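In: I would like the atomic coordinates for the input below:
(one chain, ligands or ions: 1)
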Amino acid sequence: MKPVRTPSLVFGLAALCLLTVMFGHGLYQSHRQRMADSQELTDKLARALEEHTQHSFQAIDGTLRTTIAHLRSLRETGQDADALAHGILKANLATMTHARQLAILGPDGRVRHHAGRPDPAPVNLADRDFFKAQVEQDAGLFIGAPAISRNNSAWFIGASRRLTTVDGRFDGVLVAIVEPQRFRAFYKALHPGERGAVTLLRLDGALIVNEPFEEEMLSRSYADIPLFRKHLPEAPVGRFRQIASTDGVERTYSYRRVEGLPLVVVIGSAVQDTLGDWWIDARRQAVVWLLCVAGLGALAAVALRHGMERARALHALAESEERYRLIADNASDAIFRTRLDGTRLYVSPSVTAVLGYTPEELMRTPRIEFIHPDEREEVFHTLHSRLAVSGRVVLPFRAVRKDGRVIWTETAVSLIVDPPSGQKEWIAALRDVSERKGIETELLEAKRQAEQAARVKSDFLATMSHEIRTPMNGVVGFANLLLETPLSPEQERFATHVRDAGRSLMTVINDILDFSRLEAGRLELREAPFAPRPLVESCGAIVRLAAEEKGLALHLDVADDVPERLLGDPDRIRQILLNLLGNAVKFTEAGSVTVRVTRQAERGAEPRVVLSVTDTGPGIPEDKQPLLFQKFGQIDRSHGGTGLGLAISRQLAEIMGGGIGVTSRTGVGSTFWFTLPLREPPAGNEAAEAPRAASATGTGRILVVEDLAMNRELVTRLLTLAGHAVVCAEDGAQAVEAMRRERFDLVLMDVHMPVMDGLEATRAIRALPGPAARTPILALTASALPDEVAGYRAAGMEGSITKPVDKALLLDTVARYVRATAPTEDTAV
Ligand code: ADP
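Out: Model prediction:
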C-alpha cells in the first residue's frame, strides 16, 4: 500500500516538532541564563572575597610592620625593648580583628614575648613554617599553612615577618596567630549555595582556609590541580567548571589572584544548586510537553487511522475500479458510460472490433451517432420510456459501422448512480448479433419453407384424395347398386368384396387427408349451432346396418339434461363419433354397442358434454392403452385400417377444447369417450344446419348437376331408387337453364365443372326471378374443407354433401330438404 500522507498527519508532526523545539529552546535558554547568573554571582563573590582577603592580610601585615617599627625605634633610642615588648604586643593585638595572638620568637624559635602574658611559658616554634621561612632570608609577609596549636589544639594560621638586629642579622620572627574561623565566618556569609565552596590557597598549592571546613583537606598540597597548572598561568582572574575530587560535586568556579599577596581565592557554586529550580521547572515543562505529545500523538493516531482507512477505502475503490476497467477493457461487448446529457465518460477498446471506431474517436466527438437513422427515434423513445420504469432495457437495433456496414446489435442499457460522484449515468453494453440474426433469419426461412412444404404436401394430398375419391365414388356407389340387382351367390360375393375394398380405401384416404391437414395446422373448425340428438342418431343410422349384420345390439342414449342445441363443429364431432362407433362395431363380435351423451358439470370446472361409445368387444390390455391415441398406434392389425383414426380423433377433440380417453378391460369391453366444452347458441339463433324434416321420407324433384357421367348416373340411380324425380345437367350453364324452365325441390350441385362452375351457377340461380331463386342448393363435392364450405355458403348454397356419396347420408339429407320445401311447392302448385 502507498504511504499515507494526510494534511492532518503532517500538521500533527510539524506541531510536535515545533513544540519540542520550543520546549527545548526554552529549557536551554533558562539553563544558560541560570548558569550565567550563577557564574556572574560567583564572579562578584570572588571579587568580594579577594578584597576581604587583601584587606584582612594587609591589616595583619600593617600591625606586624607597626609593631616591628615600634620595637626598632625603642632599640634605637636605647630603651629596654624586652621590658616593653609585652605591652606593645598587647596593644597592637587589640587592633587586630583576625588574630588571636601576637608573638615574638627568638632566633632559636623560642617564644620570647607574646601579647597574652608578660612571662610566657617556654615554647619553641622553630619547626613551624612561618619561622623557618624567615630564617635564611626576609620572606616579607609570610602566611603559613594551617597548623594545630600545641597549646589548645585549635587550628591557626601563622602570619610572620622577620626581625633583625641593628646590624641586620636575623633576630627572630614576629608572628600573628590568625584564626581561620574568622575568615570562615565571612566565607559562610557569602553563601555561594548549599553545596558551594570557598577556598583560600597559597600560590604554592597550600590550602589556607576552606569553607565548608574539611579537616583532612588541610594537610594536602593542591599544587597539581588545574587551577595552578592551567588556569592561573593563563589569567589571574577566571572561571572553570569541574567535579571536585574531594567531594565529587560538580561546580562552576571563579578564581582571583589576591593582588600583592601570594594567595588565590576560589569560590565555587554547585551546578546542582544553580539548576535546582531549573530542574523542577524543566520537569514540569517536560510533563506539559509529554502531555502535548501524548495529545498530539493521539490526534495523530486518530488521523493516521482515519487516513489509513481512507487510503484503504480509496485503494480498494481504485482496485475495484481497476478490476472493472480490466473487465470492461477486455469484454467483447462494446461498453459505454454516458452521462444523461450525452457526455461520454468511458468507451471500451472492444468498440473498435464492434463498430470500427476507436474509443478516442467516440470520446472526442460525442456527436458520432452509430444507431441506424431509421431506428434512432424509436431507440431513444424506448430507452427513455422503459428505462425510467425498469432501470434496465435491452434494445435490439441496427448500427452503422465506421466503414458504413450495417450490423445487427443488441444493447443492454442500465441506469446507475456513480458512487463517488452521485451522478446518474447510463452503462450500455453493445453486442454484434449479426451472426445470430443471420442464423435466426435462416431458421425462420427454413421454417417457412418447411411449412410451405407441409402445405404443398397437404395440398397435394388434398388434390390426390379428391382425384381418388371421385373414381372411388363410382366404385363404391356402383358396387352398392350392383348388389341391389339380382345376382348369383358368387357374383354377390364378388360385388361385396369390391364395395368393402372400396370403402376401406376411402377410409384410408380420408384419414391420410385429415392427418396431413392436422399436421400442417390447416384444419379449420367451423362454429355452428347443431342439435346433438339427431347428430348421434345419424351416426347410429350409418353403422346400424353393419352392427345388425354382425348381430350386435346398438343403443343410443342421450341424457335429458343435454341441451337441445349446442355450438360447435358438427362435422368434426360426427367424424370422431363415427370413428369410435366404427371401431366398436369393427372389433366387437358379439354383444352390444352403446352410445351415450351426458352432461358433465364438475364444481369449479366448465360444463362439458361427454360422448362415449361402450362395446362388449375384446378390450384393450392396459399397457397398450397409452399407444392408442398415437399415430399408427394399431394394436390389432388383423382388421386393417391405418392406425390414424384415434390419433386424428384426439387432435380434433383437443383443438375443439376437449379431451379423449378410454377405459377398457380385456375380455369385457371398452369405453371410448371424448368431451367437448358445453356451449349453447344464443337464444333465437336458428340452426345453420339443414332444416329438420318431421320425417326423413318423402320424394321430390331434384336437379343433379354433375359433369362426370358416372357420378351423374350413380346419384340419379340412388335418388330414383328412393322415389325421387331426377333431372340432370352437365354443367352450371345447363343447370341455370333448367332452373329457368322447370321447378325443382332441391339442386345437388357439383363444384368443379367446365363451362360454368357450381359457385357461379348458384349465384346465377339466386339471381333468377321468382321462387326458383329460393330453391335449396347443396354442394355435392369431394372438397369439403371448412373454408370451402364457407365459400359455398357465401355463393348462396345451403350446405354440402361429401363425395364419395354415402347412400344413407345422401338420402337422409335429400329427404330433409325435400320435405322442408314441400309446403312451398304445395302452395306454388
Ligand atoms: P384403425 O384405423 O386401425 O382402426 P384407430 O386409430 O381407429 O385406427 O385404432 C387404433 C387401434 O386401436 C386399432 O387398430 C385397434 O387395435 C384398437 N381399437 C380401437 N378401437 C377399439 C375397440 N373398440 N376395441 C378394441 N380395440 C380397439
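In: which residues in the stretch 401-550 of the chain form helices?
Out: Assigned by DSSP state H, counting those that start in this stretch, the helices in the stretch 401-550 of the chain fall at 434-483, 489-519, 532-550.
In: Tell me which of the ones you listed approaches the ligand most closely.
Out: The ligand lies closest, by Cβ to the nearest ligand atom, to one member of the helices of the stretch 401-550 of the chain: helix 489-519, at 6.5 Å. Backbone N, C-alpha and C define where each C-beta goes, glycine included.
In: The closest one and the ligand, any residue contact?
Out: No: on the criterion Cβ under 6 Å from any ligand atom, helix 489-519 is out of touch with the ligand, staying 6.5 Å away.
In: Any buried residues in that helix, and which?
Out: 495, 498-499, 502-503, 505-518 (16 or more other Cβ atoms under 10 Å).
In: try stretch 468-486
Out: 468-470, 472-482.
In: Can you get me the centre-to-centre distance for it and its chain?
Out: Distance of stretch 468-486 from the chain centroid (Cα atoms, centre = their mean, to the nearest Å) equals 82 Å.
In: and residue 111, helix, strand or coil?
Out: Assigned by DSSP: H, G, I helix; E, B strand; the rest coil, the conformation of residue 111 is strand.
In: and if you look at residue 743?
Out: Relying on three-state DSSP, one would call residue 743 coil.
In: chain center to the longest helix that the chain contains: distance?
Out: The helix that spans the most residues within the chain, counting by DSSP state H, is helix 7-76. The chain centre lies 81 Å from the centre of helix 7-76; the measure is Cα atoms, centre = their mean.
In: next structured bit after it?
Out: Where DSSP states H and E defines the elements, the next helix or strand beyond helix 7-76 is helix 81-95.
In: For that next one, what does the pLDDT average out to?
Out: Mean pLDDT, helix 81-95: 86.
In: Report the angle between it and helix 7-76.
Out: Helix 81-95 and helix 7-76 meet at an angle of 150 degrees, taking axes from the mean of the first three to the mean of the last three Cα atoms, to 10 degrees as the criterion.
In: And the contacts of helix 81-95?
Out: Here helix 81-95 makes contact (Cβ atoms under 8 Å, 6 or more residues apart in numbering) with 63, 66-67, 70-71, 74-75, 99, 101-104, 112-115, 117-118, 176.
In: quick one: buried residues of that helix?
Out: By neighbour count on 16+ other Cβ under 10 Å, the buried set for helix 81-95 is 81, 85, 86, 88, 89, 90, 92, 93.
In: Please apply the same query to stretch 458-470.
Out: 458, 461, 462, 465, 466, 468, 469, 470.
In: Mind picking the two most distant members of these?
Out: Pairwise distances across these (Cβ to Cβ) peak at 18.7 Å, for the pair 458 and 470.
In: residues near residue 647, how many?
Out: Counted with other Cβ atoms under 10 Å, the neighbours of residue 647 add up to 20.
In: Please read the previous query as pertaining to residue 65.
Out: With other Cβ under 10 Å as criterion, residue 65 counts 13.
In: residues contacting it?
Out: Residue 65 neighbours (Cβ under 8 Å, 6+ apart): residue 161.
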